[in-house]
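**Q** sequence unknown, structure follows:
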């Protein structure tokens, strides 16, 4: 299907009947009738308008689709990453910077064919890639849209940007459609997974998901540019956000990743944690991570032999890095 044909069939808003028609056309009725896409296994009939644990029905909802400049340098480059921010989330971390859309408090309905059109428009705007942000609970719909554009002129890589509370079986729907996986590995301990994300099984679940991602994209490839920068074309970058008071947990996460994958993956050690509100139940989160604490973690990563990685420098822990959820690009 060519871009013009996609555009001709697009409608920006759609109801449950249109959604059911899409599900029949693109073959994801079963997944939406009794949803088990994520580890929550809520079994919601999302196709009939029921909301899953993620907070969403079968209708795709997104809050923004625009060039985004604050990913790792090899993802954003100078031109920006074509980020599509989906609404809802199967994880719902208490410290989430995108909590407004994770809780479904903003967003617009987007049909499968309109999502395909968005991907092609972002490419026309010069995006270095298509960046699917928090996509887990819409994987069948996204896979359908990607198949349309893969046949209709999409030439840039597709990035799957996730908190990693994923089922390997769901990720297999994307095999051959995603070029770059950008997962988190948030916690090592069950206690932190339970306390901050209501997911005591987070570590083992995320590890299995990352293993599937590496299976799908086992090799890393970059495009070297004339300005001396490089853009990732294929590969896996695992992110770890340093949290206040969790230095030992962070070290265990980094050691696991390095011992398991060595230099087959890149590791991004992030210091951008920002308290978006005051936490009465989690007072330890009411502060940022000190520069000294973060530097010690980076030193630890170097000491254990991590070579392929990214670190962040001052000024990243700012609310200004959170986009406006105003429907831009939808």
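**A** Sure, I can see it. Not measured: the values here are computed from a predicted model.
**Q** center of this structure - which residue?
**A** The centre of the chain sits closest to residue 161, judged by Cα atoms, centre = their mean, with a distance of 2.2 Å.
**Q** who are the neighbours in contact with it?
**A** By Cβ atoms under 8 Å, 6 or more residues apart in numbering, the residues touching residue 161 are 71, 83, 131-135, 182. No exception for glycine: its C-beta is placed from N, CA and C like everyone else's.
**Q** Over to residue 184?
**A** 162-164, 206, 238-241.
**Q** 7 Å instead, please
**A** 162-164, 239-241 (Cβ atoms under 7 Å, 6 or more residues apart in numbering).
**Q** So what sits opposite it in the bridge?
**A** Beta bridges link residue 184 to residue 239, judged by DSSP bridges.
**Q** And it, how far from residue 81?
**A** For residue 184, the distance to residue 81 equals 16 Å [Cβ to Cβ, to the nearest Å].
**Q** again, but for residue 266
**A** On the measure of Cβ to Cβ, residue 266 and residue 81 end up 16 Å apart.
**Q** And those two? Which one has more around it.
**A** In terms of neighbours (other Cβ atoms under 10 Å), residue 81 is the more surrounded of residue 266 and residue 81; the figures are 29 against 22.
**Q** How many neighbouring residues does the residue lying closest to that one once chain neighbours are set aside have?
**A** Spatial nearest neighbour of residue 81, chain neighbours left out: residue 131 (4.3 Å); criterion: Cβ to Cβ, 6 or more residues apart in numbering. Residues lying near residue 131 (other Cβ under 10 Å) number 27.
**Q** quick one on the thing from earlier: hang on, the residue nearest to the centre of the chain in a strand?
**A** Yes - under DSSP: H, G, I helix; E, B strand; the rest coil, residue 161 falls within a strand.
**Q** Tell me how many other residues crowd the closest residue to residue 233 other than its chain neighbours.
**A** What sits nearest to residue 233 in space, not counting adjacent residues and going by Cβ to Cβ, 6+ apart, is residue 221, at 4.5 Å. Counted with other Cβ under 10 Å, the neighbours of residue 221 add up to 14.
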